[in-house]
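Peer 1: what follows is a protein structure lacking sequence information:
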C-alpha cells in the first residue's frame, strides 16, 4: 500500500472525476448549435447526446471489474486519457456525424470509468484509515457531488463559450482538454486504496457478473429506481429546452445552458440532504426523491403542452432536486449490498442502470413526429409513479438503508 498522505487524499482523485464528468455533459447545451451550425436533424443531435451511454455502460462495468482485479489508479488514469482523446476528436469533427459519434462514445467510456472506479476510489479514501473522521455516507455523497458539479459546471461554461466566444464548436473542447491535463498530476499522486490482498483473484472478465446484484433487495429497490436518475435529468435539460425553443429565438443555447446548470446545481444541493432525509423518514429518502420525480414529470407534461419557458424552469428545479436525492440514496443502498471486492462492480452496475434513463430524450424525440411531448411525458409520469409504488412497498419491509 502507498504511504498515507496527510490531509484528505480523496481530494487528489476528485479533480479527475470532476473533469471526466465535465466532458460527459458539456455536449448538452450544444444540441441547438449542432442543429443550426452543423445542420443535423433533432433526432441526430439527441442521438449524439445519448450516444455516450453506449460507451459509458461498458466503461462502467468492464472498468469496474478490471479495477477490482488490478487496482483503482491505472484504470482511472485510462479514463482520464479517454476523456482527453474524446474532446480532441469532437473539436475536429463538426462536419462528420460518424466521428462525432466516436467522440461521444469515448467520452462515455471516460465518464463510465469516473463513475464506477472514481466513485469507488473516493469512497475508499473517505473511510479509515485514510479518513477516520468521515461519516459512513461521506463516500457516496462526495463522489456523487463531485460528478454532479462536473456535469453542471461543464455545461455552464460550455454554454457560455458557445454563446459568446469564437469557434463555438471547438473552443469548449480545448478548455476541457486543458482541465484534464491539469487534473492528471493530482491523480498520479493519489494513493491506491485497494490493497493487493483485497483484490479479486479471478480474471476480470469473470467479475462482470456482480453477485450482490442478484439479491432480491437489489431487484426491488435499486432496479426500479436507478433509471429515473438520469431520465429525470435528461427530461429537464434536453426535452424542456426543445419544447420552448420556438419562444427563445437566438437565446436558445443560453437558455438550454441555464436549464442544465439549474437542474444539476439543484441536484448538487439536495445530494447533501440525503443523510438528513433518511433520518427523518426512517430510511425513505429514495421514496422522497421518486415522489418528486413523479411530480416533476407531471409538470413537464404541462409545460410541454403550454410551451412556457417559466414552467420549464420550474421543471428543471423540481427534477433536479429529485435527481440529487435519488442518485445518492440509490447509491447508498446499492453499495450497502456490496462486499469490498464487489464495490466497484456494484457501483458500475448502479450507474449503468441509472444511465439507461438518459436514452429517454432520444426515444421521445424519435416519437415526436407522431406523438407530441405532452402526452408522451404524461405516460412517462405514470410509469414513474409505478416505480415509486414498487420501491415504497419494498422499503416498508426494511428498517433503514444507510
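Peer 2: Cool, the structure landed. Note that the structure is predicted; figures quoted are calculated from it, not measured.
Peer 1: show me the shaky parts of the stretch 301-402 of the chain.
Peer 2: 341, 344, 398-402 (pLDDT under 70).
Peer 1: what of the stretch 101-250 of the chain?
Peer 2: 134-136, 197-214.
Peer 1: residue 386: neighbour count?
Peer 2: 12 (other C-beta atoms under 10 Å). Heads up, the C-betas are built off the backbone N, CA and C, glycines and all.
Peer 1: residue 273 too?
Peer 2: Residues near residue 273, counting by other C-beta under 10 Å, number 17.
Peer 1: which of the three states applies to the residue nearest to it when sequence neighbours are not counted?
Peer 2: Spatial nearest neighbour of residue 273, chain neighbours left out: residue 325 (7.1 Å); criterion: C-beta to C-beta, 6 or more residues apart in numbering. Secondary structure, DSSP: H, G, I helix; E, B strand; the rest coil: residue 325 is helix.
Peer 1: give me the distance from the helix or strand where residue 335 lies to the chain's centre.
Peer 2: Assigned by DSSP states H and E, residue 335 falls within helix 309-336. Helix 309-336 has its C-alpha centroid displaced from the chain centroid by 11 Å (C-alpha atoms, centre = their mean, to the nearest Å).
Peer 1: now for the helix or strand just after it, which elements pack on it?
Peer 2: Sequence order places helix 343-356 as the next helix or strand after helix 309-336, per DSSP H and E. For helix 343-356, the packing partners by 3 or more C-beta pairs under 8 Å, 6 or more residues apart in numbering; DSSP states H and E come out as helix 53-70, helix 97-113, helix 119-125, helix 227-234, helix 309-336.
Peer 1: show me what the third one is packed against.
Peer 2: With contacts defined as 3+ C-beta pairs under 8 Å, 6+ apart, the secondary structure elements packing on helix 119-125 are helix 10-25, helix 72-91, helix 138-164, helix 343-356.
Peer 1: now do 6 Å
Peer 2: Applying 3 or more C-beta pairs under 6 Å, 6 or more residues apart in numbering; DSSP states H and E, we find helix 119-125 packed against helix 10-25, helix 138-164, helix 343-356.
Peer 1: nearest to residue 60, of these?
Peer 2: When these are ranked by proximity to residue 60, the top entry is helix 343-356, at 3.9 Å, counting by C-beta to C-beta.
Peer 1: right, and the helix or strand after the closest one?
Peer 2: Note on helix 343-356: by DSSP H and E, the next helix or strand toward the C-terminus is helix 360-367.
Peer 1: just the buried residues of that following helix, please?
Peer 2: Going by neighbour count (16 or more other C-beta atoms under 10 Å), the buried part of helix 360-367 is 360-362, 364-365.
Peer 1: and stretch 263-279, by the same measure?
Peer 2: Residues of stretch 263-279 classed as buried by neighbour count (16+ other C-beta under 10 Å): 263-268, 270-271, 273-275, 277-278.
Peer 1: who are the contact partners of the residue nearest to residue 273?
Peer 2: Going by C-beta atoms under 6 Å, 6 or more residues apart in numbering, residue 325 touches 270, 274, 285, 288-289.
Peer 1: go again using 8 Å as the cut-off
Peer 2: Counting by C-beta atoms under 8 Å, 6 or more residues apart in numbering, residue 325 touches 270-271, 273-274, 277, 285-286, 288-289, 292.
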